[in-house]
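Undergrad: This is the structure alone, sequence omitted:
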């Protein structure tokens, strides 16, 4: 392993001068800095991050905790966050909870053991008002940014959120504007605040149109393709025959669509379908999906910027990110 001492001996300067040059100290000339850095690169010198961490009491590591990398919603968020962190000299350690509270606890404990400088967490939502691991984060004063809506057990943390309610409201308004009145809704995870906000947007749009939510048209789904498939099968078995379906997420919508199409039900000729998220598969699905486009890249950037405010102890103002409605080929006026 190449040491500072090795570089210093070859150039004929002190170890302190080499260290200062590599850290761009102002009291080392530009020519000397350039010479030292060129030799360091040539020799393959890699700074000892552990030693630096002991000196600065930082690790230049962020912990990122998400449900799963298989959920395409997180691809752009992780990309933006990691890209910005890299620019600032930080590395990101990724952990997946698989939406299990006990695994989330383990992931966060491991990241705390690595002395990360900050945490980005998409919480595993639960009904309990408290969660010990989040209390531990508060006790250790670890800068933490939630990627999504807070819940009672994590209410003390800064969160980067999307205008879920307004976005869902606009999606329902789109269907109402096409002439649909019998609109089914496939709901999300019961403990997730964002799922409740999306359902509330649907409810408000119906009420504004003089309609009430029909419980027979509301089906418990979740947030996966399999959840959408199950909800669609239940809907078909119960024979409620809506003219449109609004799903809590694109994955649920795609699962629903696969079931409908396999039964010979045409989209949008027989039934319209709206998703939420605007994942890549939504645009290129065999019936391009009308959906809500979440600002995933902006969310990742905003999360990192907020983290830096927390680390520096600076004041900042949070605001929810707006989502854009995207109309494609999966919606049309109902059959007359």
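TA: Yep, it's here. As the structure is a prediction and not an experimental result, all values here were calculated from the model.

Undergrad: Tell me the buried residues in stretch 293-311?
TA: Neighbour counts over stretch 293-311 (16 or more other C-beta atoms under 10 Å) mark 293-296, 298-304, 306-310 as buried. C-beta here means a position set from N, CA and C on the backbone, and glycine is covered the same way.

Undergrad: What distance do you get for residue 324 to residue 277?
TA: As judged by C-beta to C-beta, to the nearest Å, residue 324 and residue 277 stand 12 Å apart.

Undergrad: which residues are in contact with both of these two?
TA: 292-293 (C-beta atoms under 8 Å, 6 or more residues apart in numbering).

Undergrad: Tell me which of those two has more neighbours.
TA: Counted by other C-beta atoms under 10 Å, residue 324 and residue 277 do not tie: residue 277 has more neighbours, with 25 against 12.

Undergrad: The more buried one and residue 188, how far apart?
TA: 11 Å.

Undergrad: again, but for residue 45
TA: Distance of residue 45 to residue 188, given as C-beta to C-beta: 50 Å.

Undergrad: Pick out whichever of the two has more residues nearby.
TA: A direct count of neighbours by other C-beta under 10 Å for residue 45 and residue 188 places residue 188 higher, at 24 against 19.

Undergrad: so who does the nearest residue to that one once chain neighbours are set aside touch?
TA: Closest residue in space to residue 188, ignoring its immediate chain neighbours: residue 195 at 2.9 Å, by C-beta to C-beta, 6 or more residues apart in numbering. Counting by C-beta under 8 Å, 6+ apart, residue 195 touches 187-189, 223, 248.

Undergrad: returning to that earlier point: so what sits against both of residue 277 and residue 188?
TA: residue 249.

Undergrad: Poorly predicted segments of this protein, please.
TA: 47-57 (pLDDT under 70).

Undergrad: one more time with 90, if that's ok
TA: 1-12, 15-16, 18-33, 35-58, 315-319, 335-336 (pLDDT under 90).

Undergrad: mind giving me the domain split of it?
TA: What automatic domain parsing lists as the domains of the chain is 4-47, 59-160, 164-294.

Undergrad: check contacts around residue 90.
TA: Neighbour list for residue 90: 60-62, 117 [criterion: C-beta under 8 Å, 6+ apart].

Undergrad: What is the nearest of those residues to residue 320?
TA: Using C-beta to C-beta, residue 62 is the member of those that sits closest to residue 320, with 22.8 Å.

Undergrad: tell me the phi and psi of the closest residue to residue 242 other than its chain neighbours?
TA: Distance criterion C-beta to C-beta, 6+ apart; nearest residue to residue 242, sequence neighbours excluded, is residue 184 at 3.9 Å. The phi and psi values for residue 184, taken as degrees, to the nearest 10, are phi -80, psi 150.

Undergrad: In contact with residue 184, which residues?
TA: Contact analysis of residue 184 by C-beta under 8 Å, 6+ apart lists 217-219, 235, 240, 242, 244-246.

Undergrad: Just give me the closest of those residues to residue 263.
TA: Looking across the contacts of residue 184 and measuring by C-beta to C-beta, the closest to residue 263 is residue 235, at 10.8 Å.

Undergrad: Buried ones in the host helix or strand of the closest one, by neighbour count?
TA: Following DSSP states H and E, one finds residue 235 within helix 225-238. Neighbour-count burial for helix 225-238 flags 225, 227-233, 235 (criterion: 16+ other C-beta under 10 Å).

Undergrad: Same list (the residues you listed) but as a markdown table, adding distance to residue 178.
TA: Formatted as a markdown table, the buried residues of helix 225-238 follow (distance: C-beta to C-beta, whole Å):
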| residue | distance to residue 178 |
| --- | --- |
| 225 | 25 |
| 227 | 26 |
| 228 | 21 |
| 229 | 25 |
| 230 | 27 |
| 231 | 22 |
| 232 | 20 |
| 233 | 25 |
| 235 | 20 |
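
Undergrad: I appreciate the help and will end here.
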